[in-house]
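Novice: here you go, sequence then predicted model.
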Amino acid sequence: MLKQDLDSLTPSRDFNRRDFVQTAVGSGFAAAVLPVTAQTIKTDAAGLEAGEVMIPVGDFKLPAYRAVPAGKKNAPVVLVVSEIFGVHEHIADVARRFAKQGYLAIAPELFVRQGDAGSYGEIAKLMSEVIAKVPDAQVMGDLDACVAWAKTQGADTSKLAVTGFCWGGRITWLYAAHNPGVKAGVAWYGRLLGPTNPLQPRHPIELVGELKAPVLGLYGGQDTGIPLDTVDKMKAALAEGSPAARRSQFQVYADAPHAFNADYRPSYRKDAAEDGWKRCLEWFKAQGVA
């Protein structure tokens, strides 16, 4: 979690807490983001199969939110990777948006072994007690398990994409370097470089030589936690990376802050979010996912 995430949580309207506290995967909002703001988007589930599923990862059952057009087989697959708040209502809504476009969208609860991210009201404790303890290797394995599960559901895993937001934006870059089956990634304001540790041993800039799929980076020009010079460093690294790395691109929204797609927060910027969504869909189509 970056400092600007804390700053952007100041509410513009107060909702009843009981209406929004997260109670199940994709239901309600994480405690740390309450109260949510008035512009929060709600995508209905009409025509979809949507809700919580349990995905086997060895002997473990990984909770996830999935949405797919009802009865559709051979749907392309998109993995939706959350921010640090886990799979609350906003991430479920994004999954439904993809399902409305014909995808099987899977948003896994990647923090569940370390704790319940949705229950934390204090971001500092959430970061130290849960997020900091999540190994990148565990995340890669969980996402692989989601792809394997999608195949058992009749989806077309040869058409596989990954997208994520903030924490999930970084993971998007990592997964595009990890899984050779990925055709495209879209990273929304994910960290590109920084300190490493045994659980997070490498960052996206160190993996450009291993990218298996091109990634579109959607970043904010006013993102104080991801300065534009780090985007410039990533661009330079990509130019010297794998063939997929050299096909990767950035779109920077000059006036947008961090979390500009988060419609439940004051950081939301409608124009940038809508343009980013359009570019995301076009990117997946251009890379042969849709």
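Specialist: Done, it's in. These figures come from a predicted structure and were not determined experimentally. Numbers count the residues shown, from 1 in each chain.
Novice: separation between residue 288 and residue 72?
Specialist: 18 Å (C-beta to C-beta, to the nearest Å). Bear in mind the C-beta positions are built from the backbone N, C-alpha and C, glycine included.
Novice: what helix or strand does residue 68 sit in?
Specialist: strand 60-69 (DSSP states H and E).
Novice: okay, residue 288 and residue 72: which has more neighbours?
Specialist: residue 72 (16 against 12; other C-beta atoms under 10 Å).
Novice: still on that earlier bit, got the buried residues for the strand holding residue 68?
Specialist: Buried residues in strand 60-69, counted by 16 or more other C-beta atoms under 10 Å: 62, 63, 64, 65, 66, 67, 68, 69.
Novice: check contacts around the fourth one.
Specialist: Contact analysis of residue 65 by C-beta atoms under 8 Å, 6 or more residues apart in numbering lists 25, 26, 50, 51, 52, 53, 87, 91, 92, 95, 106, 107.
Novice: for it, list each beta-bridge partner.
Specialist: residue 52, residue 107 (DSSP bridges).
Novice: now do it, the pLDDT please.
Specialist: With respect to pLDDT, residue 65 has a value of 97.
Novice: for residue 13, same thing?
Specialist: pLDDT for residue 13: 32.
Novice: cool, residue 18 as well?
Specialist: Per the predicted model, pLDDT is 33 at residue 18.
Novice: over to residue 28?
Specialist: Reported pLDDT for residue 28: 78.
Novice: what ranges do the strands span in this structure?
Specialist: 48-57, 60-69, 76-81, 104-108, 156-165, 182-188, 215-220, 249-253 (DSSP state E).
Novice: going by contacts, tell me the helices and strands next to the fifth one.
Specialist: Just to be clear, that refers to strand 156-165. Judged by 3 or more C-beta pairs under 8 Å, 6 or more residues apart in numbering; DSSP states H and E, the packing partners of strand 156-165 are strand 76-81, helix 136-152, helix 167-178, strand 182-188.
Novice: what angle sits between that strand and strand 215-220?
Specialist: Here the directions of strand 156-165 and strand 215-220 differ by 20 degrees (axes from the mean of the first three to the mean of the last three C-alpha atoms, to 10 degrees).
Novice: can you give me the buried ones in strand 156-165?
Specialist: Buried residues in strand 156-165, defined by neighbour count with 16+ other C-beta under 10 Å: 157, 159, 160, 161, 162, 163, 164, 165.
Novice: and for the last one?
Specialist: Within strand 249-253, the residues scored as buried using 16+ other C-beta under 10 Å are 250, 253.
Novice: and stretch 92-112, by the same measure?
Specialist: Buried residues in stretch 92-112 (16+ other C-beta under 10 Å): 92-101, 103-112.
Novice: nearest to residue 209, of the buried residues of strand 60-69?
Specialist: Proximity of those to residue 209 (C-beta to C-beta) peaks at residue 62, which lies at 29.8 Å.
Novice: quick one: that closest one and residue 112 touch, right?
Specialist: Yes: look at residue 62 against residue 112 with C-beta atoms under 8 Å: they come within range, at 6.8 Å.
Novice: surely residue 269 touches residue 256?
Specialist: Yes: contact criterion C-beta under 8 Å: residue 269 and residue 256 qualify, at 4.7 Å.
Novice: so between those two, which is more surrounded?
Specialist: Using other C-beta under 10 Å, the more surrounded residue of residue 269 and residue 256 is residue 256, with 24 against 20.
Novice: what's the neighbour count on the nearest residue to the more buried one once chain neighbours are set aside?
Specialist: Nearest residue to residue 256 in three dimensions, chain neighbours excluded: residue 220, at 3.7 Å (C-beta to C-beta, 6 or more residues apart in numbering). Neighbours of residue 220 under the rule other C-beta under 10 Å: 27.
Novice: name the weakest-confidence residue in the contacts of residue 65, if you would.
Specialist: residue 26 (73).
Novice: give me the neighbour count for that one.
Specialist: Residues near residue 26, counting by other C-beta under 10 Å: 25.
Novice: i'd like the first residue to be 405 from this point on
Specialist: That works, and once the first residue is 405, the last one we named lands at residue 430.
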